[in-house]
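A.B. asks: generate coordinates for the sequence data below:
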Amino acid sequence: RGPAGRGMAAAAFERRVLRRAAEHHYLRVRLELPDGGARPNAAQFKQLVVTALRELHGEVGAALPVDVLTYEEKTLSAILRVISSGLVKLWSALTLLGFYQNRRCAFRVLQTSPFLLALSGNSRELVLD
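C.D. replies: Residues are numbered from 1 along each chain as shown. The predicted structure follows:
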C-alpha cells in the first residue's frame, strides 16, 4: 500500500479555467496633425480610419467592423472597438497612415485592451489634490 492506501483516499483537486478569447479589442488612439488646419469631426475621423484600412488592406480591410465609441475633437483622441481577429489589421493600418487632407499626420495607439474598463482611466494622468 502506498501513502494513499491507509484507508483514506488522497484528495484530488482539479482546477479548470475556461478562457474564452475576447470578442472585441479596444484601442485608445490619438491623431497627430500639424497646427493650423481643419480638425476632423467624428464622421470624418471614422472615414479616416476606414481609409487607412482600405489603403493597406483593400476593400476587405475597409469592411472590417470598427466602431468609434468616443471621439474628442479638441484632443483628436478616440476609443475604437474592433473584433479581436481584426486588431492587427486595424493597428497596422493606423500606424502606416501618413496623410489627412494632404497634410502629414500620424495615429498614435496609446493603449489597447480586450477590456473597455481598462481604458477608462490612466494612472499616469491621475491628478491628486
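A.B. asks: what about the strands in the protein?
C.D. replies: For the chain, applying DSSP state E gives strands covering 24-32, 66-72, 77-83, 99-100, 103-104, 106-113.
A.B. asks: what confidence value was assigned to residue 45?
C.D. replies: pLDDT recorded at residue 45 is 97.
A.B. asks: for the most centrally placed residue in the chain, which residues are in contact?
C.D. replies: Per CA atoms, centre = their mean, the C-alpha nearest to the average position across the chain is that of residue 27, at 2.3 Å. Under the criterion of CB atoms under 8 Å, 6 or more residues apart in numbering, the neighbours of residue 27 are 79-80, 82, 87, 90-91, 94, 109, 111-112. In this view, the C-beta of every residue, glycine as well, is placed from N, C-alpha and C.
A.B. asks: tell me the contacts of the nearest residue to residue 105 once chain neighbours are set aside?
C.D. replies: Using CB to CB, 6 or more residues apart in numbering and skipping the chain neighbours, the partner closest in space to residue 105 is residue 33 (5.1 Å). Residue 33 is in contact with 39, 76, 100, 103, 105, counting by CB under 8 Å, 6+ apart.
A.B. asks: got a quick ChimeraX command for the buried subset of the residues you listed?
C.D. replies: Applied in ChimeraX, the following selects the buried portion of those according to 16 or more other CB atoms under 10 Å:
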select :76,100,105
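A.B. asks: out of the contacts of residue 33, which one sits closest to residue 119?
C.D. replies: Nearest to residue 119, judged by CB to CB, of the contacts of residue 33 is residue 76 at 16.3 Å.
A.B. asks: for the closest one, which non-adjacent residue is closest in space?
C.D. replies: That would be residue 31: by CB to CB, 6+ apart, it lies 4.1 Å from residue 76.
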